[in-house]
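In: what's the 3D shape of this:
(2 chains)
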There are 2 protein chains.
Amino acid sequence: MELPVLIETLRTALETNTVHLIQEEEENIHPADYASAIAEFPINDVWTLLSALPAAVQAKVFGYLPAEVQVELSICISRRKLAPIIRQVSPDQRADLFNRLTEEQRETLLPALAIAEREDLLQLCSHDEGTAGAIMTSDYAMLTADLTVSQALDVLRHEAPDKETIYSAYVVDKSRHLIGVVSLRELILAPVTMPINELMNNAPIFASVDTPQEEIATLIAKYDLLALPIINAENQIVGIVTYDDAMDVVAEEATEDFHKTATIGKLEISVKEASIFLLYRKRVFWLVILVFGNIFSGAGISYYESTISDHIALLFFLPLLIGSSGNAGAQSGTLMVRALATGDIKLRDWGSLLAKECLVASLLGLTMASAVVGLGWWRGGYDIAIVVSVTMMLVVLAGSLIGLSLPFLLSRFKLDPATASGPLITSIADVAGVVLYFSIATWYLAL
Amino acid sequence: MELPVLIETLRTALETNTVHLIQEEEENIHPADYASAIAEFPINDVWTLLSALPAAVQAKVFGYLPAEVQVELSICISRRKLAPIIRQVSPDQRADLFNRLTEEQRETLLPALAIAEREDLLQLCSHDEGTAGAIMTSDYAMLTADLTVSQALDVLRHEAPDKETIYSAYVVDKSRHLIGVVSLRELILAPVTMPINELMNNAPIFASVDTPQEEIATLIAKYDLLALPIINAENQIVGIVTYDDAMDVVAEEATEDFHKTATIGKLEISVKEASIFLLYRKRVFWLVILVFGNIFSGAGISYYESTISDHIALLFFLPLLIGSSGNAGAQSGTLMVRALATGDIKLRDWGSLLAKECLVASLLGLTMASAVVGLGWWRGGYDIAIVVSVTMMLVVLAGSLIGLSLPFLLSRFKLDPATASGPLITSIADVAGVVLYFSIATWYLAL
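Out: As a prediction, the model looks like this:
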């Protein structure tokens, strides 16, 4: 069912008091769609529509609700009503929710959980945001190496309803150290009497709880894993990160980097949900910093005031020259920022890329110079044409090399290369452009 | 094993002619790592190192090699040697490779395949790039509705070695129409005599062969699918796209959008591998276009030459004012481009976002105005301070609204919103900035 149709159906159900009939239709609606639809309603209706579902489906739908709606429900709906759902959502989703609640709100919900669940929850919540620990779930399937294939299948069959995935099962020793991994596919194909320690892959890919989440996503993508086991400082398995969470991380990190390229700070929520003041705070910092960067360009212009007064026609070409310098810089900078983020290039590639960029930028500069030489001649005559085209050649080269080098420089000093945003590179390239332009003009026109 | 260590080990093996000993160590090395390592060698060594592996592993490693290296191998190594590998790589990888070969090179390789494989390959290659058809694989598991659970498990057991995944199996009728989906997890848990048509989900999520690949990735992420079935115009299942391919699409699309925000055209290969001329071609188009955009700013400045000559101090503030306008525009533009790409916002949200942006941009404008009012007073006295701060307020507002609206406008006319790159928005905001600044100055200073 299309989203608008589903919303309309639910609205009618609410208005005609026939919400209890939803159960019958629910089987054909994916929990993700149901969640998208009910999230459009006021919070009390969200609850009415959620509780109309069969108990087993409620937790699934809850898990798909936007974080803001989950928090709102946790605050508005009584613990007694919400507890059965909170108990059934997956541990990583429960931990995400708790991390968004205030201390007081957490205290209200905690008693709804059994002691083991509570400890697991506090454990999961204890990891720093942005690390494997913060996105992993504790619902993974575990086997011991002494089982046979048929015993292992029985274990998985028994545990499956509670586990996030049973397609990868992790083999541990008595101290819970990770010693191997076996897939359900391998189990299904193997002779039933084969011991797990002969079947398992004994060099599993794993990561530690404090590995940054983007590295987790990279590992999962590189090795095409369904799930990545996470170990603690004692080499014991403590959780897994599944591929679907890794996909969310990839999208989240890309969004963060996107925003950085335009000097916007990290937004935890969607731009649609963000408050005016939050957006203001995330944008104002760099805008103000860059004003002070632009003062240097202004100072450069002021320094050459007499040249400008004598040849006011030079001003016509100012936006075009410094603009081109900034644009070429934004191009090479963005190419580097993205390639560094995806791991396509490393710090050590700087030299060879710089050499290549010199050639690319020279070609670009030549093209741009020929694009403006006629314009220069038409607006200001032969001399201006020379000044403008030589300057164009040089500013495109200068902008490109600044744009290329800045991300590497930041990376070299352990800063995030994405800080080399388009606007920052443009501001620096502008200063170079102003100085190059007017010093070339002053020198050549005085000849 | 760390990559540099592995490369060193392989180098030693080549130098000492002990490549045949690699087989023994190979079990502990993931095919993806082995592929990354051998890709660093000259093409003949790549082949030596690849063929040293057990036959079963060669195809896996080949699948992980960078596209350029796969193509090079297909060209340099004789068909007789390469055929066993080409036969074993998955159909989607085989199709990717074929799409990168010339007609002549394809003709050389085709006879290496059986007729059924050849037809399958030509079928997969026939879909447009960027669609579901171009990234799907034809190795999916199929069941019929009349089987029992235990019969279905036997079918999967039998077919598993050839299938990309057996964790989702697709239920079809006699005409190969998709009528349901069942997961291996459900099969393992269900009573062995249960018929599949009672167990299966009979409203599977699916997409058609010509669905754009970014929508495929969105569906897989939204519904947390392991694989998405793809149907043709006759509603017959023809392939599946697996989650790992969807992850690659997410990263690829993000890279493409990243590059677009900096006016770089679509690069099919990594920036490290791209030739100088390719990079030049992908960058020159917009650089030249934007020069002509900047001419308007230049013309604006020329128009106000007399005001500028009278108050040359105004020039000091020019970079700072038009820079701020462009930066604010790049911020709001990028926020919209990314939110439109991830589906966070829709075309219909334009009105409410515009209202919010007016408030955010006003706050930003006020802050920026107060940041420069002192500077204006110091450089040019009371009058200039007024002109500069009022202009700042207005250009930040104008830039922000231009940046916000342009992606929606492009989207409205079915163009890619990501075309609203930072540099394009900056160029437009610059013109607005120049005109606002000098008309306010001309008017106020004449009072």
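
In: Relative to residue A:116, how far out is residue A:301?
Out: 69 Å (C-beta to C-beta, to the nearest Å). Just so you know, the C-beta spots here come from the backbone N, C-alpha and C atoms, and that holds for glycine as well.

In: So those two - more neighbours on which side?
Out: Neighbour count, other C-beta atoms under 10 Å in any protein chain shown: between residue A:301 and residue A:116, residue A:301 has more, with 24 against 8.

In: That one and residue A:308 touch, don't they?
Out: Yes. Contact criterion C-beta atoms under 8 Å: residue A:301 and residue A:308 qualify, at 7.2 Å.

In: Identify the contacts common to the two.
Out: Residues within reach of residue A:301 and of residue A:308 at once, by C-beta atoms under 8 Å, 6 or more residues apart in numbering or on different chains, are A:438, B:315.

In: that's a strand at residue A:181, yeah?
Out: Yes. Secondary structure assignment (DSSP: H, G, I helix; E, B strand; the rest coil) places residue A:181 inside a strand.

In: Contacts only, for the nearest residue to residue A:299 once chain neighbours are set aside.
Out: The shortest distance from residue A:299 to any non-neighbouring residue, by C-beta to C-beta, 6 or more residues apart in numbering or on different chains, is to residue B:316 (7.1 Å). By C-beta under 8 Å, 6+ apart, the contact set of residue B:316 is A:298, A:299, A:301, A:302, B:379, B:380.

In: For residue B:398, see how far away residue B:316 is.
Out: 21 Å.

In: now do residue A:287
Out: Taking C-beta to C-beta, one finds residue A:287 at 14 Å from residue B:398.

In: still on that earlier bit, can you check the pLDDT for the residue nearest to residue A:299?
Out: Predicted confidence (pLDDT) for residue B:316: 90.

In: Likewise for residue A:396?
Out: At residue A:396, the model reports a pLDDT of 95.

In: That one: neighbour count?
Out: Residues near residue A:396, counting by other C-beta under 10 Å: 28.

In: what's near enough to touch it?
Out: A:324, A:325, A:328, A:361, A:364, A:365, A:368, B:287.

In: what's the closest of these to residue A:49?
Out: residue B:287 (52.9 Å; C-beta to C-beta).

In: secondary structure class for the closest one?
Out: Quick answer, by three-state DSSP: residue B:287 is helix.

In: Can you pull the domain assignment for chain A?
Out: If you go by automatic domain parsing, the domain ranges for chain A are A:3-126, A:141-243, A:283-446.

In: pLDDT averaged over the second one, what's the number?
Out: Averaging the model's pLDDT scores along domain A:141-243 yields 92.

In: okay, how far is it across it, tip to tip?
Out: 16 Å (C-alpha to C-alpha, to the nearest Å).

In: Could you see whether chain B lies near that domain?
Out: Yes. Applying C-beta under 8 Å from any C-beta of the partner chain, one finds that domain A:141-243 is in contact with chain B at A:153, A:156-157, A:160-161, A:166-167, A:184-185, A:188-189, A:203, A:205, A:220-224, A:226, A:243.

In: Could you do stretch A:261-271 as well?
Out: Yes. Judged by C-beta under 8 Å from any C-beta, stretch A:261-271 and chain B are in contact via A:261, A:262, A:263, A:264, A:270, A:271.

In: Mind pulling the model confidence for the third one?
Out: Translated: residue A:263. For residue A:263, the model assigns a pLDDT of 86.

In: And for the last one?
Out: pLDDT recorded at residue A:271 is 83.

In: So it: helix, strand or coil?
Out: coil.

In: Show the contacting residues for it.
Out: For residue A:271, the contact set (C-beta under 8 Å, 6+ apart) comprises A:279, B:335, B:336, B:339, B:344, B:345, B:353.

In: 10 Å instead, please
Out: Residues near residue A:271 by C-beta atoms under 10 Å, 6 or more residues apart in numbering or on different chains: A:255, A:259, A:264, A:278-279, A:282, B:332, B:335-336, B:338-339, B:342, B:344-345, B:349, B:353, B:356-357.

In: And the first one, by the same measure?
Out: When contacts are counted by C-beta under 10 Å, 6+ apart, residue A:261 touches A:330, A:333-334, A:337-338, A:418-425, B:258, B:261-262, B:330, B:334, B:338, B:422.

In: Which parts of chain A are strands?
Out: A:141-144, A:168-172, A:178-183, A:207-208, A:227-231, A:237-242 (DSSP state E).

In: Now do the fifth one: which elements does it pack against?
Out: This means strand A:227-231. helix A:132-135, strand A:168-172, strand A:178-183, strand A:207-208, helix A:213-222, strand A:237-242, helix A:243-261 (3 or more C-beta pairs under 10 Å, 6 or more residues apart in numbering or on different chains; DSSP states H and E).

In: mind saving the C-alpha coords of that strand as CSV?
Out: C-alpha atoms of strand A:227-231 as CSV (Å, rounded to 0.1, in the frame of the first residue of the first chain):
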residue,chain,number,x,y,z
ALA,A,227,27.5,-9.3,10.7
LEU,A,228,30.8,-8.4,12.3
PRO,A,229,31.7,-9.8,15.8
ILE,A,230,32.8,-7.2,18.3
ILE,A,231,35.3,-8.1,21.1
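
In: Parallel or antiparallel, which strands does that strand pair with?
Out: When pairing is defined by DSSP bridges, strand A:227-231 lines up against strand A:207-208 (parallel), strand A:237-242 (antiparallel).

In: Check the offset of that strand from the chain's centre.
Out: Distance, stretch centre to chain centre, for strand A:227-231: 20 Å (C-alpha atoms, centre = their mean, to the nearest Å).

In: Between helix A:243-261 and that strand, find me the angle.
Out: Interaxial angle, strand A:227-231 versus helix A:243-261 (axes from the mean of the first three to the mean of the last three C-alpha atoms, to 10 degrees): 80 degrees.

In: now the angle between strand A:178-183 and strand A:227-231, please.
Out: Using the same axes, to 10 degrees: strand A:227-231 against strand A:178-183 is 170 degrees.

In: Let me know the angle separating strand A:227-231 from helix A:213-222.
Out: Strand A:227-231 and helix A:213-222 are oriented at 140 degrees to each other (the same axes, to 10 degrees).

In: what does the last one give?
Out: Interaxial angle of strand A:237-242 relative to helix A:213-222 (the same axes, to 10 degrees): 70 degrees.

In: Report the spatially closest residue to residue A:124, excluding sequence-adjacent ones.
Out: residue A:95 (3.8 Å).

In: For that neighbour, give me its contacts.
Out: A:89, A:120-127, A:133-138.

In: In chain A, what helix or strand scores lowest on average pLDDT?
Out: Sorted by mean pLDDT, DSSP states H and E, the helices and strands of chain A end with helix A:22-26, the least confident at a mean of 71.

In: Next one: the nearest residue to residue A:23 once chain neighbours are set aside relative to residue B:194, how far apart?
Out: Excluding the flanking residues, the one nearest residue A:23 by C-beta to C-beta, 6+ apart is residue A:54, at 6.0 Å. According to C-beta to C-beta, residue A:54 and residue B:194 sit 20 Å apart.

In: Between these two, point out the one with more neighbours.
Out: Per other C-beta under 10 Å, whichever of residue A:54 and residue B:194 has more neighbours is residue B:194, with 15 against 10.

In: List the contacts of the closest residue to the more buried one other than its chain neighbours.
Out: Leaving out its chain neighbours, the residue that sits closest to residue B:194 by C-beta to C-beta, 6+ apart is residue B:149, at 4.9 Å. Applying C-beta under 10 Å, 6+ apart to residue B:149 gives the contacts B:182, B:186-196, B:198-199.
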